[in-house]
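> have a look; sequence and predicted model below, questions after that.
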Amino acid sequence: MALLTPEDLENIKKQLERADTAVSKVTRLNVKEVCKDLYGTSPHYESVGIVPVTSGNGIIGNFSDSLKVITDYFKFDSFVTEMPDVSGYYEAVESGAEIILMADDNTFLAHNLTNGKIGNNQPCTGIIYADIVSRYRNADSKDVLVLGLGKVGFPGAEHLVNKGFNVYGCDPEKSLMKKAIFKLGITPFDLKTPKKFSMIFEATPCADTIPENVLAEKCLVSTPGIPCGLSRELQEKYNVDLLMEPLGIGTASMLYSVL
Ligand code: NAI
Ligand code: 2YC
Ligand code: MG
């Protein structure tokens, strides 16, 4: 499980504002509008209890505070509990939280106590980054390249297939490739193939996964992957539109999905 570091989350408000501006530039919608269109919901200052969790690798510096910044940005009424874990959960409910937000090393959830809906950050992140890439205003076809078919990538690829896009996928994990071919009907793609894409969705924990030969003249790389799969050199050389942000956009998707 690739865990965030406190450095990933530094100045999260600035990172989120920049990413939101980038989304508006490449899709004509901001993140709130994309979420509303995806889930048909809008927040009305619902109370969100953010509960730090000490299990496994323990509390990540900046994580809870970043969630406070993110929930404020998306117009929720949120608070971080004083206590962690079970005591923190109890404190959140006692303090009137409608939605619980908490993460251990494997699962980051949003649970709406008023309607019972529960959201998982991994599929919700894949779905929103895939949805954003599919709205690219300079797309030259319906072809989308997906790199990484794991807990984030596979739900994103599924969303693109359901929206009627031609998904070309690659993942070194053979079992995941097979699953994506047989369950989603995606086309397996060899990165050495001389085919260019204007839409690329990358959900891997590796740097430099996107080679030069797949970049179309106008291209959007939409990637939750940490570190970034597109090198700075290629981004600048081809003036690639890049959307990446470490936590906020995926969290917004998860919260809107449980309203
Ligand atoms: P995962 O381990 O379930 O899936 C990653 C997949 O990428 C694996 O199947 C692996 O075989 C594949 N992969 C590795 N190198 C590759 C390459 N060169 N080309 C194609 N595929 C390759 O991980 P998960 O949970 O899907 O997370 C993916 C990334 O997204 C991680 O870096 C994680 O930290 C990040 N993440 C970011 C969030 C955000 O809001 N920005 C939220 C959740 C996760
Ligand atoms: O501070 C805390 O409460 C920690 N228990 C939080 C652990 C989060 C671990 N998960 C991650 O770092 C990644 C993020 C990209 C979002 C989903 N998983
Ligand atoms: Mg994000």
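Okay, I see it. Ligands and ions are numbered 1, 2, ... in the order given.

> what's around the residue lying closest to residue 244 once chain neighbours are set aside, how many residues?
Leaving aside its chain neighbours, residue 244 sits nearest to residue 223 (5.0 Å; criterion: C-beta to C-beta, 6 or more residues apart in numbering). (C-beta placed from N, C-alpha, C; glycine too.) Other residues within reach of residue 223, judged by other C-beta atoms under 10 Å, total 26.

> ramachandran coordinates for residue 223?
phi -140, psi 120 (degrees, to the nearest 10).

> so it sits against residue 243, correct?
Yes: using C-beta atoms under 8 Å, residue 223 is in contact with residue 243, at 7.0 Å.

> intersection of neighbour lists for these two?
Here residue 223 and residue 243 have residue 129 as joint contacts, going by C-beta atoms under 8 Å, 6 or more residues apart in numbering.

> can you pull out the strands in the stretch 1-150 of the chain?
With DSSP state E, counting those that start in this stretch as the criterion, the stretch 1-150 of the chain has strands at 47-50, 77-80, 99-103, 108-112, 118-120, 143-147.

> can you tell if the first one touches ligand 2?
Spelled out, that is strand 47-50. No: against ligand 2, strand 47-50 shows no contacts by C-beta under 6 Å from any ligand atom, the least distance being 8.5 Å.

> ok, the residue nearest to residue 114 when sequence neighbours are not counted to residue 252 distance?
Nearest residue to residue 114 in three dimensions, chain neighbours excluded: residue 98, at 5.1 Å (C-beta to C-beta, 6+ apart). In this view, residue 98 and residue 252 are 16 Å apart by C-beta to C-beta, to the nearest Å.

> any weak-confidence spans in the stretch 1-150 of the chain?
The stretch 1-150 of the chain contains residues with pLDDT under 70 at 1.

> my guess is residue 115 contacts residue 258, does it?
Yes: here residue 115 lies in contact with residue 258, judged by C-beta under 8 Å, at a distance of 7.4 Å.

> more neighbours: which of the two?
For residue 115 versus residue 258, the count of surrounding residues by other C-beta under 10 Å is larger for residue 258: 24 against 10.

> need the contact list for the more buried one.
So residue 258 contacts 99, 110, 111, 112, 115, 117, 118, 119 (C-beta under 8 Å, 6+ apart).

> cool, and residue 103?
53, 63, 109, 121.

> what's the answer for residue 35, then?
Counted by C-beta under 8 Å, 6+ apart, residue 35 has contacts 41, 128, 252, 253, 256.

> the third one should be in a strand, yeah?
Read it as residue 252. No: assessed with DSSP: H, G, I helix; E, B strand; the rest coil, residue 252 is helix; it does not lie in a strand.

> can you tell me the element residue 177 falls in?
In the assignment (DSSP states H and E), residue 177 maps to helix 174-179.

> what's the neighbour count on the spatially closest residue to residue 108 that is not a sequence neighbour?
In this structure, residue 108 finds its nearest non-sequential neighbour in residue 121, 3.7 Å apart by C-beta to C-beta, 6+ apart. Residues lying near residue 121 (other C-beta under 10 Å) number 22.

> residue 121 contacts residue 250, correct?
Yes: Residue 121 is within contact range of residue 250, at 5.4 Å (criterion: C-beta under 8 Å).

> identify the contacts common to those two.
Joint contacts of residue 121 and residue 250 (C-beta under 8 Å, 6+ apart) do not exist.

> that older thread, separate out the buried members of the contacts of residue 103.
Buried residues within the contacts of residue 103, counting neighbours by 16 or more other C-beta atoms under 10 Å: 53, 63, 109, 121.
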